[in-house]
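**Student:** Please work out how this folds:
(one chain, ligands or ions: 1)
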Amino acid sequence: MLYRVEGLVIRSTDYGEGNKIITLLTPTYGKQGVVVRGAKKLKSRYGALAQLFTYGDFSYYKSGTLGNLNSGEILESFHELREGLEGPAYAAYAAELTDRAINDDEAAAYLFHQLKACQTALAEGKDPQIVLRAYEMKIVNAAGYAPLLDECVSCGKSQGPFRFSAIAGGALCLQCRHRDPSALELEETVWKLLRVFSALDLRRLGNITVRESSKRQLQLAMRRWMDTHLNLVLKSRNFLDQWEKYGDMLGERMKRPEPSAKPEEAGDGTV
Ligand SMILES: [Zn+2]
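**Tutor:** Below is the predicted model:
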């Protein structure tokens with residue numbers, strides 16, 4: 001049977017002599033594996049089509065589990081996401097997360113549009129620490145693990161303050177916090193962002209300016225949540241972690257006062 005679908009390439013691996021197998025996220029058929037013959041050959045018409053992040057129109061024959069590309073056309077190459085070191089790492093993380101966290105039957109049209117919006121936002125240079133956290137929230141929602149953020153998961157109280165508990169399933173009020181001693185205390189901004197991300201259609205994500213400390217907390221909260229509920233080891237995340245640690249080191253070195261400075265002298269607005 002011949003299929004014709006729009007899709008985003010969320011995985012691209014070498015296969016045999018000069019071929020590639022790509023995994024597409026499609027709005028109509030969920031995830032689809034397609035063999036692109038000769039994709040690695042220099043003169044291949046479809047080499048670019050088989051690259052990670054490509055948004056294209058794909059025609060393929062399929063009888064078993066894998067399709068065989070018949071023809072295709074690039075609708076948007078997302079070439080910006082392949083430039084530099086950092087950009088590809090963020091986009092690769094979004095792609096790998098989608099590939100690993102989402103079962104075929106969970107990949108509906110909505111998620112396709114969310115990933116496309118995520119790639120677009122990254123390509124436009126929006127803050128990856130915001131874009132990716134919002135996309136992570138879309139992923140956990142699609143996978144069926146949305147956190148409860150508006151009321152205490154234990155007693156239903158809707159009045160904060162709350163702690164954020166991955167194990168308990170979201171917000172825990174102060175009376176119920178003993179249920180998870182490791183629950184996180186988050187800034188009000190971070191709670192707000194978590195709630196916004198949960199309801200947000202990424203196609204409508206604007207430019208948000210968020211303090212570094214809030215971004216750090218946001219990352220920690222989403223990390224805890226995903227580690228508890230999805231439990232994935234992602235190659236791209238390990239790379240990003242190392243990258244960000246390196247970035248932190250540079251940033252810290254510039255921001256921190258010299259070690260010899262007395263603590264009370266550090267209160268000059270750098271903290
Ligand atoms: Zn409670």
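**Student:** Give me every residue in this structure that's in contact range of the ion.
**Tutor:** Selection of the chain residues close to the ion by Cβ under 5 Å from the ion yields C152, S154, C155, K157, C173, C176. C-beta: built from backbone N, CA, C; applies to glycine.
**Student:** wait, doesn't the fourth one sit right on L174?
**Tutor:** Put plainly, it is K157. No: assessed by Cβ atoms under 8 Å, K157 is found out of contact with L174, at 9.2 Å.
**Student:** What segments of this protein are strands?
**Tutor:** Counting by DSSP state E, the segments of the chain that form strands are 2-15, 19-26, 30-36, 55-62, 66-76, 162-165, 170-173.
**Student:** what about the stretch 1-150 of the chain, any weak spots by pLDDT?
**Tutor:** For the stretch 1-150 of the chain, applying pLDDT under 70 flags the ranges 105.
**Student:** Now the closest residue to the ion within it. Nearest residue, chain neighbours left out?
**Tutor:** With Cβ to the ion as the measure, L148 is the residue of the stretch 1-150 of the chain nearest to the ion, at 11.2 Å. Distances taken as Cβ to Cβ, 6 or more residues apart in numbering place G170 nearest to L148, at 3.6 Å, with adjacent residues excluded.
**Student:** With E185 instead?
**Tutor:** Spatially, and ignoring its direct neighbours in sequence, E185 is nearest to R163 (5.8 Å; Cβ to Cβ, 6+ apart).
**Student:** Show me what that neighbour is bridged to.
**Tutor:** Beta bridges link R163 to L172, judged by DSSP bridges.
**Student:** list the contacts for it?
**Tutor:** If you count contacts by Cβ atoms under 8 Å, 6 or more residues apart in numbering, R163 has them with A171, L172, L174, R177, D180, A183, L184, E185, L186.
**Student:** how about a cut-off of 7 Å?
**Tutor:** Neighbouring residues of R163 by Cβ atoms under 7 Å, 6 or more residues apart in numbering: L172, R177, A183, L184, E185.
**Student:** okay, now the domains of the protein?
**Tutor:** The chain breaks down into these domains under automatic domain parsing: 2-77, 81-255.
**Student:** what pLDDT does the closest residue in space to A134 that isn't next to it in sequence get?
**Tutor:** Closest residue to A134 apart from its sequence neighbours, by Cβ to Cβ, 6+ apart: F197 at 4.4 Å. pLDDT, F197: 97.
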